[in-house]
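Trainee: When you get a sec, could you give me coordinates for this:
(2 chains)
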2 protein chains.
Amino acid sequence: LRKIMMPLGPVVVFGAANFPLAYSTAGGDTASALAAGCPVIVKGHPAHPDTSALVAEAITKAAQKTSMPAGVFQHVPGRIEIGQALVSHPLTRAVGFTGSLAGGKALFDLANQRPYPIPVFAEMSSINPVILLPKTLNETAKPTAEALVKSLTTGLGQFCTCPGLWIAQVGEGLRQFEGFAANILTKVEAGKMLHQGIADNYHTRVEECLNQYGVELIFGDAGSGKGLEALPVVAKVNAVDFLTQPTLQEEVFGPFALVVEVEDRHQFTEVVSKLQGQLTCSIWGTEEEMQAHSGLLNLLLEKAGRIVANGVPTGVEVAGPMQHGGPYPATTDSRFTAVGPDAIKRFLRPVAFQNFPEGLLPERLRGW
Amino acid sequence: LRKIMMPLGPVVVFGAANFPLAYSTAGGDTASALAAGCPVIVKGHPAHPDTSALVAEAITKAAQKTSMPAGVFQHVPGRIEIGQALVSHPLTRAVGFTGSLAGGKALFDLANQRPYPIPVFAEMSSINPVILLPKTLNETAKPTAEALVKSLTTGLGQFCTCPGLWIAQVGEGLRQFEGFAANILTKVEAGKMLHQGIADNYHTRVEECLNQYGVELIFGDAGSGKGLEALPVVAKVNAVDFLTQPTLQEEVFGPFALVVEVEDRHQFTEVVSKLQGQLTCSIWGTEEEMQAHSGLLNLLLEKAGRIVANGVPTGVEVAGPMQHGGPYPATTDSRFTAVGPDAIKRFLRPVAFQNFPEGLLPERLRGW
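Mentor: As a prediction, this is how the structure comes out:
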């Protein structure tokens, strides 16, 4: 009895709006599906149709040059209905998706309702909570504010790993931290978002969050830019108001962060235990203070695919130990990663050969 | 950056009706979920409530003796609604199921419709096609018939890997094979099936198949036993009638086999290419004849999780290279196995630790 990994079959890829290269037509989903031996059909993203077409042309040329089978890669631009038809096609065997919760969930449902259900690997939404432990924050309010504001505003916050929720305990350290953050933010210039859809959504969601009960501005305003333009906004809310208004846990794609002010250790645990699934969670504190909050640390393991200590979640290393994925609604399947070599595991299935003559085994299984 | 596998969380297990021990309360699903570090809640099977309760008691005692946390294992007997409630419970994180297609698919749908969808590993239905290549069959009609009838009737065919579909080319070899099979079957005594539900279903499904257009008896009859009793039944049908009547591809749980008679090489390929997903496919032929049918062999790889050469699919070795799983409707996820050490992979998710002080890493990640 010998076992080998085989390709699942044709994979339909929906690229991200925010990364026309790394997470789209020639992104990680396409690369890992091809590496697994699966043909790929990319549904071109309407936010960058020309880039997608150019990249697709390059892939097609490369496939020809390397004598890969005809049709191993295909690029299909067009409306959402075309994407749905691709997911429903009887020959499709898996789907890779990067985008909104609504979009990913709709494809997930469609794929599960097929006569032959197929897996959908959708990376959808994450607010990437950052936990600031009180003793450490008292001593490092300024560098912490500098690091978080930089991570929040890089690329105008258009990263799936943008840190959008900062959880800290009320006190002098937090007061100083908020002051430093507001001060640093005054120096951030307005920028243009990647396209109108992202910008409109940002402005709407910021306003929605600011309209929730008990939410107060720390920096910026509900206008937060016009048209394509966007400005960072940071607001705060107490733990009780945060926990009773679920929309405050929904992603705001762009440079928006919400400070959740907890009263004490007990409320810290309460807020963290109620967090939805995330791509990342970060925790700032000395080793000693983290040891003293080991219960909090254990909770984080249930919430996210990647835990960062004293660092920011933006910057996703393409490496073996990377886990870019997390419990729902961060992704549809926390057991897999969209980044790093393990991404290939999504598109493979094992096949066992029993009692086979050596000459009929796949080449890689011979001579064992 | 370092990565470790963590338990998914509480797993609900629905054991098989046909294996009160190996595939039920203390079966592979329970063992692999516990090994992954997941608490297990077994929904006791109504077909063997007392066995299930006894086994559950033994597990609970063992958990106490080894100082495992209270509640690491729980046993819940009762109606189907209780199983549904367990799958819908917000804290449940995965489901293991062995049983019918209807039952498994219903739980799969329920799990996907939760606010937080969870994976269901359902092993559901397989008719385990056996392909008999013509030249070899001509020379080995008798031993082939002996082996297949023995595999078909062991345990009165109440195995998920029971070979229920025999595909062969018309000719003298097949005529002899059918004669030998009928002759051997006359010596098989009637037996009692495991419980009334299985027996009733067997009798109904056999009658259903025999009523399909073009289906002719080789051995047995539509009565096929009464009450708990069951007798083996073997019938035949030509390829065209097989392909146009989908119910002939649906599992008949018990000692029923259907011979699909193909006219030529082309029809062989046509029948195999239209097969649904299976746990196993078997192929009988010399190495030379299999080489000459390499296209057929490649098709089999797409259809099943385990391919057997010149052997029977019953007898599932619990070993590293075992793949007990296959494309839908054999299981809900062909990327995983329900048997062997790899079964643990179903219940684990990776978590990456970035920039963590050594002392705060899980023990297994320290010192790398």
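
Trainee: how about stretch A:237-245: buried residues?
Mentor: For stretch A:237-245, burial by neighbour count (16 or more other Cβ atoms under 10 Å in any protein chain shown) applies to A:237-239, A:241-243. (Glycine included, C-beta is placed from N, CA and C.)

Trainee: now swap in stretch A:139-159 and tell me
Mentor: A:140-141, A:144-145, A:147-149, A:151-153, A:156-159.

Trainee: Mind listing residues that contact that stretch?
Mentor: Outside stretch A:139-159, the residues that touch it by Cβ atoms under 8 Å, 6 or more residues apart in numbering or on different chains are A:18, A:130, A:132, A:137, A:162-164, A:166, A:173-174, A:176-178, A:180-181, A:184-185, A:188, A:191-194, A:198, A:230, A:232, A:234, A:253-257, A:284, A:311-314.

Trainee: Could you do stretch A:221-233 as well?
Mentor: So stretch A:221-233 is contacted by A:149, A:152-153, A:156-157, A:185, A:188, A:190-193, A:195-196, A:199, A:202-203, A:206-207, A:210, A:217, A:219-220, A:254-257 (Cβ under 8 Å, 6+ apart).

Trainee: Spell out which parts of the stretch 201-350 of chain A neighbour chain B.
Mentor: By Cβ under 8 Å from any Cβ of the partner chain, the residues of the stretch 201-350 of chain A that approach chain B are A:277, A:287, A:290-291, A:297, A:301-302, A:304-311, A:317, A:319-323, A:325, A:327-329, A:332-335, A:337, A:342, A:345, A:348-350.

Trainee: What about A:Asn355, how many residues nearby?
Mentor: With neighbours defined by other Cβ atoms under 10 Å in any protein chain shown, the count for A:Asn355 comes to 12.

Trainee: Does it touch B:Gly311 like I think?
Mentor: Yes - here A:Asn355 reaches B:Gly311: they are 4.6 Å apart, a contact under Cβ atoms under 8 Å.

Trainee: The residue nearest the centre of chain A in helix, strand or coil?
Mentor: The residue lying closest to the centre of chain A (Cα atoms, centre = their mean) is A:Cys160, at 3.9 Å. Counting by DSSP: H, G, I helix; E, B strand; the rest coil, the backbone at A:Cys160 sits in coil.

Trainee: For it, give me the pLDDT.
Mentor: Per-residue pLDDT puts A:Cys160 at 94.

Trainee: ok, so what distance separates it from A:Glu229?
Mentor: Taking Cβ to Cβ, to the nearest Å as the measure, A:Cys160 and A:Glu229 are separated by 22 Å.

Trainee: what's the distance between the nearest residue to A:Glu289 once chain neighbours are set aside and chain B?
Mentor: Distance criterion Cβ to Cβ, 6 or more residues apart in numbering or on different chains; nearest residue to A:Glu289, sequence neighbours excluded, is A:Leu133 at 4.7 Å. A:Leu133 sits 12 Å away from chain B, going by Cβ to the nearest Cβ, to the nearest Å.

Trainee: cool, A:Ala85 as well?
Mentor: 20 Å.

Trainee: Equivalent analysis for A:Leu248, please.
Mentor: For A:Leu248 relative to chain B (Cβ to the nearest Cβ), the value is 17 Å.

Trainee: and that residue, how many residues sit next to it?
Mentor: Neighbour tally, A:Leu248, other Cβ under 10 Å: 22.

Trainee: what does the stretch 1-150 of chain A put close to chain B?
Mentor: A:1-3, A:6, A:8-9, A:108-109, A:112, A:116-117, A:119.

Trainee: In strands only, show me these.
Mentor: A:2-3, A:6 (DSSP state E).

Trainee: looking at those, which has the most residues close by?
Mentor: Highest neighbour count within these: A:Lys3, with 21 neighbours (other Cβ under 10 Å).

Trainee: give me the number of residues near the closest residue in space to that one that isn't next to it in sequence?
Mentor: Spatial nearest neighbour of A:Lys3, excluding adjacent residues (Cβ to Cβ, 6+ apart): B:Pro321 at 3.9 Å. B:Pro321 has 20 neighbours, counted by other Cβ under 10 Å.
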